[in-house]
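Trainee: here's a sequence, model it:
(chains A and B)
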Amino acid sequence: MILLISTCKNKLHELEFVKPIEKILINLKTEFKVKHYLKLLDKDLISSEKIIICGTSLKDNEFTNNQDSFSWIKQTNKPVLGICAGAQIISKIFGADILKKKEIGFFTEDFKKDFLGLKGKVEVYHLHNNCTTLPKDFTKYTNSKIPQAIKHKTKPIYATLFHPEVRNKVVIENFIK
Amino acid sequence: MKLGILLSGGKDSLYAAYLAKKAGNELTCAITIDSENKDSFMFHTPAIKKTKAQADSMEIPIIIQKTKGKKENELKDLEDAIKKAIKNYEIEGVVSGAIQSVYQSTRIQNICNNLKIECFNPLWQKDEIPYIEELIKNKFETIIISVAAYPLDETWLGKKIDKNFIKEISSLVEKYKIHPAGEGGEFETFVLNCPLFKKVLKVKNKKISGENNSWRMDIIF
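Mentor: Alright, predicted model coming up:
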C-alpha cells in the first residue's frame, strides 16, 4: 500500500497535484490511498509501505503553518518521496531554511548522478515560489545552486522541488518499484 | 471560492468549470480572449464570439477582451481581462482547461501568480480517451467546429463528441498522431449543452469554409 499525502488547501487542487500521481500508480497496478495531511492517522503511516507527499498550488502555503503534522518524517524508516511542497516540508523537518525562488514552467536541470532514473541534462517542470537550503545529512543530485533533487544520506527519503508527474514519471515509477 | 472561467467555448474550459463547481466553488464570471490571430498558441479562435451565449446560459457575466494576438501582447491582454474580473466580480482565482500544454498553463500560472490569485487546472495530465468518456457520461453535448490536421476534413464538422466519435478518433490516434482530445489544435469543439447551462444552445444556421485539412464551421443560434 502506497500512501499519497495531499497538501492542498482547496480540494479542487487535488485534481491537479494528486490525481496525476494516482494515475501513475494505477498504471503500475499498485494499491494506494490518499489522505490529507491534516487527517493523517498513525495507522495510515503504519499500514503503508511507501509514502509520497504531493505538491500544491503556487499560492497555497498553508502547509508551512502546520509543520507539526509532519514530525513523523524524522522518525520513519519507510521510503518517502516529497514533491515540491513535499520537498519543502521534508527539508524543513531536517533543519533547512525556506527561501524565495520563483520558477514556473520547463527548466533544464543537470543531474550529476542517477536520481531515480534521471541522469545528465533533463527538462523538468517547476511550479514554485520558494526553495530550501540543503538540509543536513542530505545529498544534492543536481548541478544547481539550489537543491532541486535531494536524498537523505542513510535513509530512503527523496525530495524533488520539480514535479516529476509532469513528463518525468520515471522518478515516481522507480520510487515505487 | 469565487472563480472566473477562462472560457474558449470548447469542452475543456467548460468541463474544468464544471469540476470546479462540483468541488463547491462559485463560478462568478467568464473571461474570453477574442484574438485576431487565427494561429494563436494561447487562445482558440473559431467560436470565440459565441461564448457570450454560453455565459448567458450559465447566467453569469462575461468579460470579452479583444487582442491582436501577437505573442506576449496577448498575455498582457489576458492579464488585463483577469484584473477586470478581480475588480468587477471579486474573483479569487481562475479555472482553466489546460490538459498537457505546459506552454499554455505556464503563462496562465505566471499571470495568476503576479496578480496573487489562485489558478486551477482540474484537467491537468488527464488521459484523453477516459476524459472524453467522462464528458459524455456527464452529459456534455459537444460538437466539432473546426479541424486543422490530416486526415480530418470538412466531414468532421458538426460531429457530436459521442461513443462513435471515440471509436473514429481512436483509429486515427496511432496512425496519424492525432491527439484524441484535440489539445494540439487538431480540432476545436463547442459545447451546446452541459450541466452548467440553464438552457440548451440550438444551432439555427451554419456556414462552412476552408480547404484541404483546414476547415471551420461558423454557427448561429
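
Trainee: please tell me how far the closest residue to A:Asn143 other than its chain neighbours sits from chain B.
Mentor: Distance criterion C-beta to C-beta, 6 or more residues apart in numbering or on different chains; nearest residue to A:Asn143, sequence neighbours excluded, is A:Asp110 at 4.2 Å. The C-beta positions use only the backbone N, C-alpha and C, and glycine is treated the same way. For A:Asp110, the distance to chain B (C-beta to the nearest C-beta, to the nearest Å) stands at 20 Å.

Trainee: you'd agree A:Asp110 is up against A:Lys140?
Mentor: No: if you go by C-beta atoms under 8 Å, A:Asp110 and A:Lys140 don't touch, sitting 11.4 Å apart.

Trainee: quick check: neighbours shared by those two?
Mentor: Contact criterion C-beta atoms under 8 Å, 6 or more residues apart in numbering or on different chains; residues shared by A:Asp110 and A:Lys140: none found.

Trainee: tell me which of these two has more neighbours.
Mentor: Remark: of A:Asp110 and A:Lys140, A:Lys140 carries more neighbours, 17 against 13, as counted by other C-beta atoms under 10 Å in any protein chain shown.

Trainee: quick check on A:Lys78: phi, psi?
Mentor: The phi and psi torsions at A:Lys78 (degrees, to the nearest 10) take the values phi -80, psi 150.

Trainee: surely it and A:Ser47 touch.
Mentor: No: judged on C-beta under 8 Å, A:Lys78 makes no contact with A:Ser47 at a distance of 10.7 Å.

Trainee: more neighbours: which of the two?
Mentor: A:Lys78 (17 against 11).

Trainee: residue contacts, that one?
Mentor: Taking C-beta under 8 Å, 6+ apart as the test, what A:Lys78 contacts is A:Leu45, A:Ser48, A:Glu49, A:Lys50, A:Ile51, A:Pro156.

Trainee: repeat that for 6 Å
Mentor: Neighbour list for A:Lys78: A:Ile51 [criterion: C-beta atoms under 6 Å, 6 or more residues apart in numbering or on different chains].

Trainee: tell me the secondary structure for the nearest residue to B:Tyr131 once chain neighbours are set aside?
Mentor: Distances taken as C-beta to C-beta, 6+ apart put B:Ala181 closest to B:Tyr131, at 6.0 Å, once the chain neighbours are dropped. Following DSSP: H, G, I helix; E, B strand; the rest coil, B:Ala181 is assigned to coil.

Trainee: strands of the chain, start to end?
Mentor: The chain I'm using is chain A. Using DSSP state E, the strands of chain A run over residues A:2-6, A:32-36, A:50-53, A:80-83, A:98-115, A:118-132, A:138-140, A:149-152, A:157-160.

Trainee: you looked at the wrong chain, it should be chain B
Mentor: Counting by DSSP E, the strands of chain B are B:2-6, B:26-35, B:62-67, B:93-95, B:118-120, B:141-147, B:187-193, B:205-211, B:214-220.

Trainee: chain A: which of those strands is closest?
Mentor: strand B:118-120 (5.3 Å; C-beta to the nearest C-beta).

Trainee: so where is chain B shaky, pLDDT-wise?
Mentor: B:38-46 (pLDDT under 70).

Trainee: relative to its centroid, which residue of chain B is most remote?
Mentor: B:Lys175 (25.9 Å; C-alpha atoms, centre = their mean).

Trainee: that older thread, let's have the strands of chain A in CSV, adding distance to B:Val102.
Mentor: Below are those laid out as CSV (distance: least, C-beta to C-beta, whole Å):
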stretch, distance to B:Val102
strand A:2-6, 23
strand A:32-36, 25
strand A:50-53, 22
strand A:80-83, 16
strand A:98-115, 6
strand A:118-132, 6
strand A:138-140, 25
strand A:149-152, 19
strand A:157-160, 17
